[in-house]
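A.B. asks: let me see the structure of the following:
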Amino acid sequence: MPEFFLELFSEEIPARMQARAADDLARLVGESLSALAPEQVRTFHGPRRIALAANLSPEVAASRTIERGPRASAPEQALTGFLRKHNADRDQLRVAGDYWVLDKSAPSIAAATLIAQALPALLRRFPWPKSMRWGGTSAFTWVRPLRRITCLLDGSVVPFDLRDGADDGHGLAAADLTEGHRFLAPGAIAVHSCGDWAAKLRERRVMADAEERKRLIAEGVARLAAERQLKVVDDPGLLEEVAGLVEFPVPLLGRIDPTHMDLPPEVMQVSMRINQRYFTLRSADGLVAPFFAFVANIVPDDGGAVTIAGNERVLRARFADARHFWDLDRKAPLATRVPMLDHVTFHAMLGSQGDRVRRLEALAEHIAPLLQAAQAPEPIDELNDNPAEQPLAHADPALARIAARLCKADLVTGMVGEFPELQGVMGRYYALHDNEDPRVADAIRDHYAPKGPNDAVPTAPVSIAVALADKLDQLAGFFAIGEKPTGSGDPYALRRAGLGIIRIIRENRLRLRLLSLIEAAGRGYHHHHGMRAAPATEIMEFLAERLRVQLRAEGARHDVLAAVFAAKGEQGADDDLTRLLARTEAVTALLGSNDGANLLTAYRRAANILRIETRKDGPHDAPPDPSLLREAAEFDLNHSLAAVDVVSDLLGQEDFAGAMTELARLRAPLDAFFDQVTVNAPEPELRRNRLRLLHLVQATMDRVADFSRLEG
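C.D. replies: Here you go, the predicted model:
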């Protein structure tokens, strides 16, 4: 199969758009050239180019099809519509029997012809997040000015251009030319294949493969750090971005001015990362090292001395700006900034950040004392994957209230205004500077956590109280105004907030009644804004769905969780996530045994019979009459059901393993009942009694979980 190669060479493409653009190119080419059956598709992306190589069929084979049309007696309008649908002429029709028949034949099309026809339209509709126009007489847009199009098929140029009527398409036309490094090897070069292209670019100081650039950057920076017994702070996002900024990476190491080493390490790292794309280094003891790593896009003649000195000079200026904010912010106590939050909008319909802080104060104070009894009992501890090493200590409600009042105050500081990524982090530093309780300071930093799936959750009681309050308030507010996540978007990160609540509860083994906490969050909006709160059950179901998603990602039986959630005990639906997860583990273990699997089969058989018979003359939910039992299997099943009535007590004691053991005892008598007893007996009273017995089986099992919700 001939090789197809396409390169789109432009001015510098933003690093964040390159990988997505390469994927879009592969998708669009696959759709446009699907008739040529593309194989072995490879994509490339870098600062000034995106490219694709694939193997294609040499042509689209000729084809002939026959389409049956309207009846010969059909009105003229039907025939006209049929011809229009198939883009055909009347002279292509013939009559076969009672119908018009269209003979459609298509000649073979050479791959080069199809490519030349498809690519101009493909390039004009390319889905860049942002595009621009540039000088000339063309309306053609690209992410940055497009300079060259290289298009080859089996080593030969596929001729096409971007003209569209009077629009000259900037004079862009396909050729076999590309360009090397802008500074180290400027000028056009001819290429004949993807391999030739990659090799000639490498000779001209361009590494076409993004993964190779990432590897060389990571290895080069790590090597320079190791030479000084230092380690590089892991930052995959920065590595990806830097690989999209350079074509020929040359890692270098610079020194940080000692006068700035007393800045908070987070300030230094964020300033280097955001402003300069520098890598942070740490010493063996984990402290910030007085060095930084960066990547040049040229090979310096002097070993990098001038380049390093220039970057050190720029970094001194950046750190001087950071020091200005650091010194200025500490002149005003954090508590004095809280009134300023009344002038910062949280959401147009939910008030200011000041309003939010007042809600968080009350909610955190409400949650704090509930954490005192949050240590899970032993049976649940054994089921937890990440048990805490120490029992959860008492959370002081007064400290939780203070932390909640101060947790958003750093939003109006100069440092967070410059670096929003440091919200919470700077609040902790400023609170410690103001001699606030360290537990309060830590809660200010930790209440945003976890921000992502790899972030640690808060573990200190005051931090937990404020973090839960923050996320519950967020859910209660946006659900109240109808701003719920949809399949296509979650602009207010409510899914992240929901997963944060779940992880905090799971990883700290908290014993909390979530419904009551959701209701308390809703009352905050009613009290301060007169808003009608969203139903707590709606938010609870949202959290249950987030938990099911998390379990699915972990490879666990998320359908078992749904079944356990649906079970109704004497106190109604359970909203203690730790208890629900423990019961889920126990039910999963039961279903994994032979007794459990057979019991589920029998349950489904009983449920199917009851569903059918209930339509006739149900319901059959009255207690079975012992005097109407006839068969030995009936007596055994009725006796077994009475014996396992202890299941409810065991569930109340949270002895879920014991409850499953008792439930498994139903397997043998239930199997025998179906083998030996005719449920739909001819005697009406026997039939009704046996249906009541099956209903009792279903009701007994449904105390543990709604087994009808299980998949498979």
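
A.B. asks: name the helix or strand for residue 440, please.
C.D. replies: helix 438-446 (DSSP states H and E).

A.B. asks: what's the helix or strand just after that helix packed up against?
C.D. replies: Counting by DSSP H and E, the element after helix 438-446 in chain order, helix or strand, is helix 461-480. On a contact count with 3 or more C-beta pairs under 8 Å, 6 or more residues apart in numbering; DSSP states H and E, helix 461-480 meets helix 353-367, helix 397-406, helix 438-446, helix 494-508, helix 514-529, helix 536-553. C-beta: built from backbone N, CA, C; applies to glycine.

A.B. asks: what would those helices look like in JSON lines with mean neighbour count?
C.D. replies: Compiled in JSON lines, the helices and strands packed on helix 461-480 are given as follows (neighbours: other C-beta atoms under 10 Å):
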{"stretch": "helix 353-367", "mean neighbour count": "23"}
{"stretch": "helix 397-406", "mean neighbour count": "24"}
{"stretch": "helix 438-446", "mean neighbour count": "24"}
{"stretch": "helix 494-508", "mean neighbour count": "21"}
{"stretch": "helix 514-529", "mean neighbour count": "20"}
{"stretch": "helix 536-553", "mean neighbour count": "18"}
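
A.B. asks: the inter-axis angle of the helix holding residue 440 versus helix 397-406?
C.D. replies: Helix 438-446 runs at 40 degrees relative to helix 397-406, counting by axes from the mean of the first three to the mean of the last three C-alpha atoms, to 10 degrees.

A.B. asks: pLDDT averaged over helix 438-446 - what is it?
C.D. replies: Mean pLDDT, helix 438-446: 97.

A.B. asks: how far is stretch 582-593 from where the chain is centred?
C.D. replies: Computed by C-alpha atoms, centre = their mean, to the nearest Å, the separation of stretch 582-593 from the middle of its chain amounts to 28 Å.

A.B. asks: now do the buried residues in that stretch.
C.D. replies: 582-588, 590-591 (16 or more other C-beta atoms under 10 Å).

A.B. asks: any chance of the helices and strands packed on helix 461-480 in JSON lines, plus distance to residue 705?
C.D. replies: Below are those laid out as JSON lines (distance: least, C-beta to C-beta, whole Å):
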{"stretch": "helix 353-367", "distance to residue 705": "29"}
{"stretch": "helix 397-406", "distance to residue 705": "36"}
{"stretch": "helix 438-446", "distance to residue 705": "35"}
{"stretch": "helix 494-508", "distance to residue 705": "19"}
{"stretch": "helix 514-529", "distance to residue 705": "19"}
{"stretch": "helix 536-553", "distance to residue 705": "14"}
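
A.B. asks: among those helices, which is nearest residue 469?
C.D. replies: Comparison of the helices and strands packed on helix 461-480 against residue 469 by C-beta to C-beta identifies helix 353-367 as nearest, at 4.0 Å.

A.B. asks: now do the closest one, average pLDDT.
C.D. replies: According to the model, helix 353-367 has a mean pLDDT of 96.

A.B. asks: which residues does that helix contact?
C.D. replies: 338-339, 341-346, 350, 395, 397-398, 400-401, 403-405, 407-408, 411, 464-466, 468-470, 472-473, 512, 517, 520-521, 524-525, 527-529 (C-beta atoms under 8 Å, 6 or more residues apart in numbering).

A.B. asks: can you check stretch 295-309 too?
C.D. replies: Outside stretch 295-309, the residues touching it (C-beta under 8 Å, 6+ apart) are 183-184, 205, 217, 220-221, 242, 245-254, 277.

A.B. asks: measure that stretch end to end?
C.D. replies: 14 Å (C-alpha to C-alpha, to the nearest Å).

A.B. asks: show me where the stretch 151-300 of the chain has its strands.
C.D. replies: 156-157, 174-175, 177-179, 188-190, 231-232, 250-255, 279-282, 288-296 (DSSP state E, counting those that start in this stretch).

A.B. asks: of those, flag the one that's most buried.
C.D. replies: strand 279-282 (a mean of 23; mean count of other C-beta atoms under 10 Å).

A.B. asks: centre of the chain versus it, how much separation?
C.D. replies: 28 Å.

A.B. asks: could you number the chain from 672 rather than 1 from now on?
C.D. replies: Got it, first residue is 672 now, which makes that one strand 950-953.

A.B. asks: that strand pairs with which strands, parallel or anti?
C.D. replies: Taking DSSP bridges as the criterion, strand 950-953 sits next to strand 902-903 (antiparallel), strand 959-967 (antiparallel) in its sheet.

A.B. asks: dump these to JSON lines, plus mean pLDDT and distance to residue 1172.
C.D. replies: Formatted as JSON lines, the strands paired with strand 950-953 follow (pLDDT from 0 to 100; distance: least, C-beta to C-beta, whole Å):
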{"stretch": "strand 902-903", "mean pLDDT": "96", "distance to residue 1172": "34"}
{"stretch": "strand 959-967", "mean pLDDT": "97", "distance to residue 1172": "33"}
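
A.B. asks: out of the contacts of stretch 966-980, which are inside helices?
C.D. replies: Judged by DSSP state H, helices contain the following of these: 888, 891-892, 913.

A.B. asks: among those residues, which two are most distant?
C.D. replies: 891 and 913, at 10.9 Å, using C-beta to C-beta across the ones in helices among the contacts of stretch 966-980.

A.B. asks: name the residues contacting each of those two.
C.D. replies: 920, 966.

A.B. asks: these two: who's more crowded?
C.D. replies: More neighbours surround residue 913 than the other of residue 891 and residue 913, with 25 against 17 (other C-beta atoms under 10 Å).

A.B. asks: measure that one to residue 966 for me?
C.D. replies: 5 Å (C-beta to C-beta, to the nearest Å).

A.B. asks: list residues touching both of the two?
C.D. replies: 888, 920, 948.

A.B. asks: can I have the buried ones of those residues as a ChimeraX selection?
C.D. replies: This is how ChimeraX selects the buried members of those, with burial counted by 16+ other C-beta under 10 Å:
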select :888,920
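
A.B. asks: return the helix or strand in this structure with minimum mean pLDDT.
C.D. replies: helix 1049-1052 (a mean of 40; mean pLDDT, DSSP states H and E).

A.B. asks: what segments of the stretch 1222-1371 of the chain are helices?
C.D. replies: 1229-1237, 1248-1262, 1265-1288, 1303-1314, 1318-1323, 1327-1335, 1338-1347, 1355-1373 (DSSP state H, counting those that start in this stretch).

A.B. asks: the third one - contacts with which helices or strands?
C.D. replies: With contacts defined as 3+ C-beta pairs under 8 Å, 6+ apart, the packing partners of helix 1265-1288 are helix 1248-1262, helix 1327-1335, helix 1338-1347, helix 1355-1373.

A.B. asks: mind checking how far that helix is from the chain centre?
C.D. replies: Per C-alpha atoms, centre = their mean, the centroid offset for helix 1265-1288 relative to its chain is 38 Å.

A.B. asks: per-residue pLDDT, the closest residue to residue 771 other than its chain neighbours?
C.D. replies: Sequence neighbours aside, residue 740 is the residue nearest to residue 771 in space, at 3.9 Å (criterion: C-beta to C-beta, 6 or more residues apart in numbering). pLDDT, residue 740: 88.

A.B. asks: picking up where we left off before, just name the closest of the ones in helices among the contacts of stretch 966-980 to residue 811, please.
C.D. replies: For those, the nearest to residue 811 is residue 913 (30.5 Å; C-beta to C-beta).

A.B. asks: which residues sit in contact with the closest one?
C.D. replies: Counted by C-beta under 8 Å, 6+ apart, residue 913 has contacts 686, 888, 920, 948, 966.

A.B. asks: from residue 794, how far off is residue 812?
C.D. replies: 10 Å.

A.B. asks: these two: who's more crowded?
C.D. replies: The neighbour comparison of residue 812 against residue 794 (other C-beta under 10 Å) goes to residue 794, with 20 against 15.

A.B. asks: work out for me the element that one sits within.
C.D. replies: Counting by DSSP H and E, residue 794 is part of helix 782-795.

A.B. asks: can you check residue 723 too?
C.D. replies: Assigned by DSSP H and E, residue 723 falls in strand 720-726.
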